[in-house]
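Engineer: model this:
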Amino acid sequence: MYDVFVQLCQLNDVTAYRVSAETGINRSTFSDWKSGRSKPSMAKLKKIADYFNVTVDYLMTGKDPVTSEDTPYYNDPEVRQIANDIYQNEDLRVLMDASRDISSDDLRMITDLVRKIKKSQED
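Structural biologist: Down below sits the predicted model:
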């Protein structure tokens, strides 16, 4: 479990200290888990899983039960990060939801506009 916690911290560019501060879980608890002095309670596992937007099963095993061999994209860290970004950012969720309901021509026009804005910010 601790290895998965470390991977999630790296993937989300956060430290155990920050997770501790934002979840209310004492930092020494993480050290105890790492050394095997204690095992996490279900309540703490749930807090951490919610913090990283993963299931408790994923936190415990590194595997999500809904992920199958047929859908390897769920295991891709970049895809997981994009999904997490969309989940945590309301503006991105609005864009994603809107993109599902518009025509492909309109979607292409919007993506062209976003690319132009991005390019102008890079220049």
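Engineer: for the protein, where's the lowest mean pLDDT among helices and strands?
Structural biologist: helix 77-88 (a mean of 80; mean pLDDT, DSSP states H and E).
Engineer: Now do that one: distance to the chain's middle.
Structural biologist: From the chain centre to the centre of helix 77-88 is a distance of 5 Å (Cα atoms, centre = their mean, to the nearest Å).
Engineer: other SSEs contacting the next helix or strand after that helix?
Structural biologist: Counting by DSSP states H and E, the next helix or strand C-terminal to helix 77-88 is helix 90-101. The contact analysis (3 or more Cβ pairs under 8 Å, 6 or more residues apart in numbering; DSSP states H and E) places helix 90-101 against helix 77-88. The way it works is simple: take the backbone N, C-alpha and C, and place the C-beta from them, glycine included.
Engineer: SS state for S38?
Structural biologist: Following DSSP: H, G, I helix; E, B strand; the rest coil, S38 is assigned to coil.
Engineer: what's the closest non-adjacent residue to it?
Structural biologist: D32 (4.2 Å; Cβ to Cβ, 6 or more residues apart in numbering).
Engineer: Next one: that neighbour relative to D85, how far apart?
Structural biologist: Distance, D32 to D85, by Cβ to Cβ, to the nearest Å: 31 Å.
Engineer: These two: who's more crowded?
Structural biologist: Neighbour totals were compared for D32 and D85, and D32 leads with 15 against 12 (other Cβ atoms under 10 Å).
Engineer: Is that one in a helix, a strand, or coil?
Structural biologist: Following three-state DSSP, D32 is assigned to helix.
Engineer: S28 too?
Structural biologist: Going by three-state DSSP: S28 is helix.
Engineer: All set, thanks.
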